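# fold the stuff below for me.
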Amino acid sequence: MNLYQKLAIATVNAALSFTILKANSALAANVTYDFTVDLTSGSLTGQQYSGFVSYDDSTLTGIGLETLGVRKGISISFNFLDETYDETSDLDFPSYPLLEFQDGSFSGLTFLALNQSGFGFQFSTQHLSELGGDLFLYGKVPTVDGRGVTKYSLRSVPEPSLTLSLAFMGFGLLLKKKLASKKKK
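Presented below is the predicted three-dimensional model:
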């Protein structure tokens, strides 16, 4: 088999690998959303808090309403009033918190936590179209002191094409080295 035949086979294999990699990339990714909470009413009006939520999307089917919980690997970090909360902070842990998805698209977080003095917060998947995000409530149990809006933004995920590009570069270097060694003979 000559060099050009080997090159053609390698190119076809790389193209097929890329197709398979691209088809499966949505099924096996660790996805992270950063979020900000802007408080719009109550004693904390005007303050902003932030955090992130991560999950493995390999169990999502992309059909209808789906939820992911702690048992399926979600993790949360939220800094509120100088205290950091994670998924184990939810009052109903390990049944909650939950991430909701509609037809494969992330639609929000359900998360309820309290600190030692009974002051807490709740993330809701109720969308507030007038504020462009999801409802957030806070206060000392059993009252709600104020509300806010949660906005999510997807962190960038490395593209499978980057991996393929690096593979082609490596293949190109090997080919160049092989050709150079043949010229020396």
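
# and the helices in the protein?
3-25, 160-184 (DSSP state H).

# worst average pLDDT in those?
The weakest mean pLDDT among the helices of the chain belongs to helix 3-25, with a mean of 52.

# please list all residues in contact with the residue nearest to residue 65 when sequence neighbours are not counted.
Leaving aside its sequence neighbours, residue 65 sits nearest to residue 102 (C-beta to C-beta, 6 or more residues apart in numbering; 5.8 Å). C-beta coordinates here come from the backbone N, C-alpha and C atoms, glycine included. Residue 102 makes contact with 64-66 under the criterion C-beta atoms under 8 Å, 6 or more residues apart in numbering.

# just put the residues you listed in TSV and tack on distance to residue 122.
Formatted as TSV, the contacts of residue 102 follow (distance: C-beta to C-beta, whole Å):
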residue	distance to residue 122
64	25
65	20
66	21
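
# now list the buried members of these.
residue 66 (16 or more other C-beta atoms under 10 Å).

# between the contacts of residue 102, which is nearest residue 45?
Nearest to residue 45 out of those is residue 65 (C-beta to C-beta; 33.0 Å).

# looking at that closest one now. What's its pLDDT?
96.

# quick check: it vs residue 59, distance?
Distance, residue 65 to residue 59, by C-beta to C-beta, to the nearest Å: 14 Å.

# ditto for residue 69
Distance from residue 69 to residue 59, counting by C-beta to C-beta: 11 Å.

# buried residues in stretch 56-68?
For stretch 56-68, by 16+ other C-beta under 10 Å, it's 57, 60, 66-68.

# for residue 40, state which of those is nearest.
residue 67 (26.9 Å).

# point out where this structure drops to low pLDDT.
By pLDDT under 70, the weakly predicted segments of the chain are 1-28, 157-185.

# how about the strands in it?
30-39, 48-56, 65-69, 75-80, 83-86, 98-102, 105-114, 119-128, 133-140, 146-154 (DSSP state E).

# neighbouring strands - and their directions - for the fifth one?
When you say that, I think you mean strand 83-86. Strand 83-86 has the following strand partners under DSSP bridges: strand 75-80 (antiparallel).

# residues in contact with the strand it pairs with?
With contacts defined as C-beta under 8 Å, 6+ apart, strand 75-80 is touched by 37, 49-55, 84-87, 97, 109, 111, 121, 138.

# and stretch 72-86, how far apart are its ends?
Length of stretch 72-86, first residue to last, C-alpha to C-alpha, to the nearest Å: 15 Å.

# ugh, typo on my part, it should be stretch 113-122
For stretch 113-122, the first-to-last residue distance is 7 Å (C-alpha to C-alpha).

# buried residues, it. List them.
113-114, 119-122.

# report the contact partners of the closest residue to residue 146 other than its chain neighbours.
Excluding the flanking residues, the one nearest residue 146 by C-beta to C-beta, 6+ apart is residue 42, at 1.7 Å. The contact partners of residue 42, by C-beta under 8 Å, 6+ apart, come to 138-139, 144-147.
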